[in-house]
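In: Mind looking at a prediction? Sequence and model below.
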Amino acid sequence: MHWKTKSSAFRIINYFPLSQDILYRLQRHVTKEIPRKDYIFERLLIAAKKIKYEVDNTRETSSPAHYVEIGAGRDLALAIALRMLGVEKITCIDLFPLAKPYLIQKAASYLSKKLSVPLPSIKTFSDIEDFGIHYVAPSSLANANIHPNSVDVFYTTDTLEHIPRDALRLLIGDISTILKPQGLCINFIDYSDHYARSDNSISPFNFLQYSEQDWSKHNTPLHFVNRMRHSEYISLFSENNFIILQVSSEREKPPENLVISQEFQDFEKPDIFTVRAKITCQKPR
(Lines give C-alpha, C1' and ligand atoms only; values in the text may rest on other atoms or scores of the structure.)
Protein backbone atom coordinates (compact mmCIF):
# COMPACT_ATOMS: atom_id res chain seq x y z
CA MET A 1 0.00 0.00 0.00
CA HIS A 2 1.31 3.44 -0.92
CA TRP A 3 2.29 5.28 2.23
CA LYS A 4 0.11 8.33 1.51
CA THR A 5 -2.93 6.08 1.06
CA LYS A 6 -2.14 4.46 4.40
CA SER A 7 -1.69 7.90 5.96
CA SER A 8 -5.12 8.97 4.70
CA ALA A 9 -6.67 5.78 6.08
CA PHE A 10 -5.17 6.40 9.52
CA ARG A 11 -6.43 9.97 9.43
CA ILE A 12 -9.99 8.84 8.63
CA ILE A 13 -9.99 6.07 11.25
CA ASN A 14 -8.74 8.48 13.87
CA TYR A 15 -11.97 10.51 13.61
CA PHE A 16 -14.04 7.62 14.97
CA PRO A 17 -14.54 7.14 18.75
CA LEU A 18 -13.53 3.45 18.59
CA SER A 19 -10.50 4.04 16.39
CA GLN A 20 -8.32 1.43 18.11
CA ASP A 21 -10.99 -1.24 17.69
CA ILE A 22 -11.46 -0.34 14.03
CA LEU A 23 -7.71 -0.49 13.47
CA TYR A 24 -7.55 -3.92 15.14
CA ARG A 25 -10.27 -5.31 12.88
CA LEU A 26 -8.64 -3.93 9.76
CA GLN A 27 -5.23 -5.31 10.74
CA ARG A 28 -6.76 -8.71 11.50
CA HIS A 29 -9.15 -9.13 8.59
CA VAL A 30 -7.83 -6.88 5.81
CA THR A 31 -4.07 -6.36 6.05
CA LYS A 32 -3.56 -9.64 7.97
CA GLU A 33 -0.96 -8.05 10.28
CA ILE A 34 -2.67 -9.72 13.25
CA PRO A 35 -1.72 -12.26 14.49
CA ARG A 36 1.93 -11.41 14.08
CA LYS A 37 4.09 -13.49 11.79
CA ASP A 38 6.65 -15.94 13.15
CA TYR A 39 9.61 -13.85 11.99
CA ILE A 40 8.44 -11.01 14.26
CA PHE A 41 8.21 -13.39 17.21
CA GLU A 42 11.74 -14.53 16.36
CA ARG A 43 12.99 -10.94 16.39
CA LEU A 44 11.33 -10.33 19.75
CA LEU A 45 12.83 -13.53 21.16
CA ILE A 46 16.28 -12.30 20.14
CA ALA A 47 15.55 -8.98 21.88
CA ALA A 48 14.41 -10.83 25.02
CA LYS A 49 17.62 -12.86 25.10
CA LYS A 50 19.70 -9.69 24.75
CA ILE A 51 17.82 -8.02 27.60
CA LYS A 52 18.17 -11.06 29.86
CA TYR A 53 21.87 -11.41 29.05
CA GLU A 54 22.60 -7.76 29.84
CA VAL A 55 20.66 -7.89 33.08
CA ASP A 56 22.31 -11.12 34.23
CA ASN A 57 25.75 -9.69 33.50
CA THR A 58 25.13 -6.32 35.14
CA ARG A 59 23.07 -6.92 38.28
CA GLU A 60 25.12 -7.46 41.40
CA THR A 61 22.48 -9.67 43.04
CA SER A 62 20.69 -12.87 42.06
CA SER A 63 17.50 -11.96 43.94
CA PRO A 64 14.21 -12.06 41.97
CA ALA A 65 13.92 -9.11 39.62
CA HIS A 66 10.91 -6.96 38.76
CA TYR A 67 10.78 -5.92 35.10
CA VAL A 68 8.47 -3.20 33.69
CA GLU A 69 7.53 -2.72 30.05
CA ILE A 70 5.44 -0.02 28.41
CA GLY A 71 3.87 -0.37 24.96
CA ALA A 72 3.63 -4.16 25.27
CA GLY A 73 1.08 -4.35 22.44
CA ARG A 74 -1.58 -6.92 21.69
CA ASP A 75 0.26 -10.20 22.35
CA LEU A 76 2.78 -9.31 25.10
CA ALA A 77 5.29 -11.43 23.17
CA LEU A 78 8.43 -9.85 24.61
CA ALA A 79 7.15 -10.25 28.17
CA ILE A 80 6.14 -13.85 27.47
CA ALA A 81 9.63 -14.57 26.14
CA LEU A 82 11.28 -13.02 29.20
CA ARG A 83 9.09 -15.06 31.56
CA MET A 84 10.04 -18.23 29.69
CA LEU A 85 13.69 -17.21 30.00
CA GLY A 86 13.31 -17.08 33.77
CA VAL A 87 12.30 -13.52 34.68
CA GLU A 88 10.22 -13.81 37.84
CA LYS A 89 7.89 -10.80 37.68
CA ILE A 90 6.88 -8.51 34.81
CA THR A 91 4.48 -5.57 34.73
CA CYS A 92 3.21 -4.58 31.28
CA ILE A 93 1.65 -1.14 30.91
CA ASP A 94 -0.17 0.32 27.94
CA LEU A 95 -2.08 3.52 27.26
CA PHE A 96 -4.81 1.45 25.59
CA PRO A 97 -6.16 -2.02 26.56
CA LEU A 98 -4.86 -3.66 23.41
CA ALA A 99 -3.88 -7.10 24.72
CA LYS A 100 -6.04 -10.09 23.81
CA PRO A 101 -5.63 -13.52 25.44
CA TYR A 102 -5.90 -15.45 22.15
CA LEU A 103 -3.03 -13.43 20.69
CA ILE A 104 -0.99 -13.89 23.86
CA GLN A 105 -1.62 -17.64 23.62
CA LYS A 106 -0.40 -17.67 20.02
CA ALA A 107 2.78 -15.85 20.99
CA ALA A 108 3.28 -18.25 23.90
CA SER A 109 2.79 -21.24 21.60
CA TYR A 110 5.55 -20.14 19.23
CA LEU A 111 7.95 -19.11 21.98
CA SER A 112 7.47 -22.24 24.08
CA LYS A 113 8.41 -24.40 21.07
CA LYS A 114 11.48 -22.31 20.32
CA LEU A 115 12.64 -22.40 23.93
CA SER A 116 11.53 -25.98 24.66
CA VAL A 117 9.56 -24.98 27.73
CA PRO A 118 6.02 -25.92 28.82
CA LEU A 119 3.20 -24.05 27.09
CA PRO A 120 1.01 -22.11 29.54
CA SER A 121 -2.74 -22.07 28.99
CA ILE A 122 -3.77 -18.46 28.55
CA LYS A 123 -7.49 -17.97 28.02
CA THR A 124 -8.20 -15.07 30.36
CA PHE A 125 -6.41 -12.12 31.91
CA SER A 126 -6.38 -14.07 35.18
CA ASP A 127 -4.30 -16.71 33.39
CA ILE A 128 -1.87 -13.97 32.34
CA GLU A 129 -1.59 -12.83 35.95
CA ASP A 130 -1.04 -16.42 37.12
CA PHE A 131 1.74 -16.78 34.55
CA GLY A 132 3.61 -13.92 36.22
CA ILE A 133 2.67 -10.95 34.04
CA HIS A 134 0.72 -8.11 35.61
CA TYR A 135 -1.13 -6.25 32.84
CA VAL A 136 -2.11 -2.63 33.49
CA ALA A 137 -4.19 -0.84 30.83
CA PRO A 138 -5.29 1.75 30.13
CA SER A 139 -2.60 3.57 32.06
CA SER A 140 0.52 5.65 31.77
CA LEU A 141 3.66 4.70 33.68
CA ALA A 142 3.09 7.60 36.07
CA ASN A 143 -0.41 6.35 36.94
CA ALA A 144 0.37 2.63 37.16
CA ASN A 145 0.83 2.65 40.94
CA ILE A 146 4.43 1.47 40.87
CA HIS A 147 6.35 2.44 43.97
CA PRO A 148 9.49 4.57 43.66
CA ASN A 149 12.80 2.69 43.72
CA SER A 150 11.06 -0.68 43.31
CA VAL A 151 11.88 -1.81 39.75
CA ASP A 152 15.04 -3.62 38.68
CA VAL A 153 14.65 -3.35 34.90
CA PHE A 154 12.64 -1.08 32.62
CA TYR A 155 12.56 -2.03 28.94
CA THR A 156 10.83 -1.20 25.65
CA THR A 157 11.01 -2.29 22.06
CA ASP A 158 9.90 -0.04 19.18
CA THR A 159 7.97 2.15 21.60
CA LEU A 160 9.87 5.32 22.48
CA GLU A 161 9.79 6.61 18.90
CA HIS A 162 5.98 6.80 19.16
CA ILE A 163 6.05 9.22 22.10
CA PRO A 164 6.07 13.00 21.53
CA ARG A 165 9.28 14.70 22.60
CA ASP A 166 7.88 16.56 25.64
CA ALA A 167 6.03 13.47 26.88
CA LEU A 168 9.18 11.40 26.39
CA ARG A 169 11.16 13.80 28.55
CA LEU A 170 8.59 13.35 31.34
CA LEU A 171 8.54 9.58 30.84
CA ILE A 172 12.30 9.26 31.30
CA GLY A 173 11.93 11.13 34.57
CA ASP A 174 9.21 8.66 35.61
CA ILE A 175 11.46 5.75 34.67
CA SER A 176 14.18 7.13 36.91
CA THR A 177 11.68 7.45 39.75
CA ILE A 178 10.53 3.80 39.70
CA LEU A 179 13.95 2.23 39.13
CA LYS A 180 16.03 1.10 42.06
CA PRO A 181 19.51 2.59 42.37
CA GLN A 182 21.60 0.83 39.71
CA GLY A 183 18.39 -0.28 37.99
CA LEU A 184 18.66 -0.85 34.25
CA CYS A 185 16.82 0.87 31.42
CA ILE A 186 17.05 -1.01 28.09
CA ASN A 187 15.38 0.33 24.96
CA PHE A 188 15.26 -0.86 21.36
CA ILE A 189 14.37 2.15 19.19
CA ASP A 190 13.41 2.28 15.51
CA TYR A 191 14.37 5.64 14.01
CA SER A 192 13.02 4.88 10.54
CA ASP A 193 9.92 6.07 8.73
CA HIS A 194 7.45 3.35 9.73
CA TYR A 195 5.49 3.80 6.50
CA ALA A 196 8.50 2.28 4.75
CA ARG A 197 7.70 -1.06 6.40
CA SER A 198 4.77 -1.56 4.02
CA ASP A 199 5.80 0.60 1.06
CA ASN A 200 8.99 -0.42 -0.72
CA SER A 201 8.89 2.70 -2.88
CA ILE A 202 10.21 4.86 -0.04
CA SER A 203 13.34 4.71 2.08
CA PRO A 204 13.55 4.56 5.89
CA PHE A 205 14.46 8.26 5.73
CA ASN A 206 11.44 9.40 3.73
CA PHE A 207 9.95 11.43 6.58
CA LEU A 208 13.13 13.45 7.05
CA GLN A 209 12.37 15.27 3.81
CA TYR A 210 9.38 17.03 5.36
CA SER A 211 9.12 20.03 7.62
CA GLU A 212 7.25 19.53 10.89
CA GLN A 213 4.24 21.34 9.46
CA ASP A 214 4.17 19.29 6.27
CA TRP A 215 4.73 16.01 8.10
CA SER A 216 1.99 16.66 10.67
CA LYS A 217 -0.82 15.73 8.28
CA HIS A 218 0.71 12.25 7.88
CA ASN A 219 1.65 11.89 11.55
CA THR A 220 -1.71 10.83 12.97
CA PRO A 221 -2.10 9.57 16.57
CA LEU A 222 -2.61 6.01 15.30
CA HIS A 223 0.74 6.05 13.50
CA PHE A 224 2.69 8.78 15.27
CA VAL A 225 6.49 8.89 15.23
CA ASN A 226 8.52 11.69 16.81
CA ARG A 227 11.32 11.62 14.16
CA MET A 228 13.93 12.19 16.88
CA ARG A 229 17.45 11.12 15.97
CA HIS A 230 19.76 8.84 17.92
CA SER A 231 21.80 11.58 19.62
CA GLU A 232 18.65 13.18 21.00
CA TYR A 233 17.71 10.04 22.91
CA ILE A 234 21.21 9.77 24.33
CA SER A 235 20.95 13.39 25.46
CA LEU A 236 17.58 12.85 27.15
CA PHE A 237 18.84 9.91 29.17
CA SER A 238 22.00 11.79 30.12
CA GLU A 239 20.00 14.85 31.18
CA ASN A 240 18.13 12.60 33.63
CA ASN A 241 21.44 11.44 35.12
CA PHE A 242 21.36 7.98 33.59
CA ILE A 243 24.72 6.35 33.01
CA ILE A 244 25.00 5.13 29.43
CA LEU A 245 26.39 1.59 29.67
CA GLN A 246 26.14 0.30 26.14
CA VAL A 247 24.90 1.48 22.75
CA SER A 248 24.60 -0.55 19.57
CA SER A 249 23.23 0.95 16.39
CA GLU A 250 22.57 0.20 12.73
CA ARG A 251 22.92 2.62 9.84
CA GLU A 252 21.73 2.50 6.26
CA LYS A 253 22.86 4.34 3.18
CA PRO A 254 20.31 6.96 2.08
CA PRO A 255 19.05 7.27 -1.50
CA GLU A 256 21.19 9.56 -3.62
CA ASN A 257 18.25 11.86 -4.37
CA LEU A 258 17.25 12.33 -0.72
CA VAL A 259 16.90 15.98 0.29
CA ILE A 260 16.80 16.44 4.06
CA SER A 261 14.51 19.08 5.53
CA GLN A 262 16.17 22.13 7.05
CA GLU A 263 15.06 20.97 10.50
CA PHE A 264 17.55 18.09 10.36
CA GLN A 265 20.44 19.88 8.69
CA ASP A 266 22.39 20.40 11.93
CA PHE A 267 22.68 16.67 12.64
CA GLU A 268 25.76 14.80 11.53
CA LYS A 269 25.12 12.25 8.79
CA PRO A 270 25.85 9.15 10.91
CA ASP A 271 23.25 10.40 13.37
CA ILE A 272 20.63 11.15 10.72
CA PHE A 273 21.05 7.81 8.98
CA THR A 274 20.95 5.59 12.06
CA VAL A 275 17.85 3.41 11.63
CA ARG A 276 17.85 1.31 14.80
CA ALA A 277 19.59 1.24 18.14
CA LYS A 278 19.64 -0.45 21.52
CA ILE A 279 20.46 1.90 24.38
CA THR A 280 21.28 0.42 27.78
CA CYS A 281 21.62 2.80 30.67
CA GLN A 282 21.64 2.64 34.45
CA LYS A 283 20.28 4.72 37.27
CA PRO A 284 23.12 5.88 39.54
CA ARG A 285 23.58 4.43 43.02
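Out: Ah, there it is.
In: Please make it C-alpha for all contacts and neighbour counts, starting now.
Out: Fine.
In: Which residues belonging to stretch 167-180 are considered buried?
Out: Neighbour-count burial for stretch 167-180, with 16 or more other Cα atoms under 10 Å as criterion, is recorded at L168, R169, L171, I172, G173, D174, I175, S176, T177, I178, L179, K180.
In: for that stretch, what is the average pLDDT?
Out: In this model, stretch 167-180 carries a mean pLDDT of 98.
In: what about it, distance to the chain center?
Out: Centroid separation between stretch 167-180 and its chain, computed with Cα atoms, centre = their mean, to the nearest Å, is 15 Å.
In: hang on, V275 in a strand?
Out: Yes: according to DSSP: H, G, I helix; E, B strand; the rest coil, V275 belongs to a strand.
In: Was I right to think it contacts S192?
Out: Yes: with contact defined as Cα atoms under 8 Å, V275 reaches S192; the gap is 5.2 Å.
In: So those two - more neighbours on which side?
Out: Neighbour tally, V275 and S192, criterion other Cα atoms under 10 Å: the higher count belongs to S192, 25 against 21.
In: Give me the neighbour count for the closest residue to the more buried one other than its chain neighbours.
Out: Excluding the flanking residues, the one nearest S192 by Cα to Cα, 6 or more residues apart in numbering is P204, at 4.7 Å. Neighbourhood size, P204 [other Cα under 10 Å]: 23.
In: ok, now Q265?
Out: So Q265, with other Cα under 10 Å, has 12 neighbours.
In: residues in contact with it?
Out: Going by Cα atoms under 8 Å, 6 or more residues apart in numbering, Q265 touches no other residue.
In: What pairs with the biggest strand by length in the chain, parallel or antiparallel?
Out: Criterion DSSP state E: the longest strand present in the chain is strand 179-190. Using DSSP bridges, strand 179-190 pairs in its sheet with strand 151-157 (parallel), strand 274-282 (antiparallel).
In: Tell me the buried residues in stretch 223-231?
Out: Across stretch 223-231, burial judged by 16+ other Cα under 10 Å covers V225, N226, R227, M228, R229, H230.
In: Can you tell me which of the residues you listed is nearest R74?
Out: Nearest to R74 among the buried residues of stretch 223-231: V225, at 18.9 Å, using Cα to Cα.
In: Next, the contact list for that closest one, please.
Out: Counting by Cα under 8 Å, 6+ apart, V225 has contacts E161, H162, I163, P164, D193, H194, N219.
In: out of those residues, which one sits closest to L26?
Out: Nearest to L26 among the contacts of V225, counting by Cα to Cα, is H194 at 17.7 Å.
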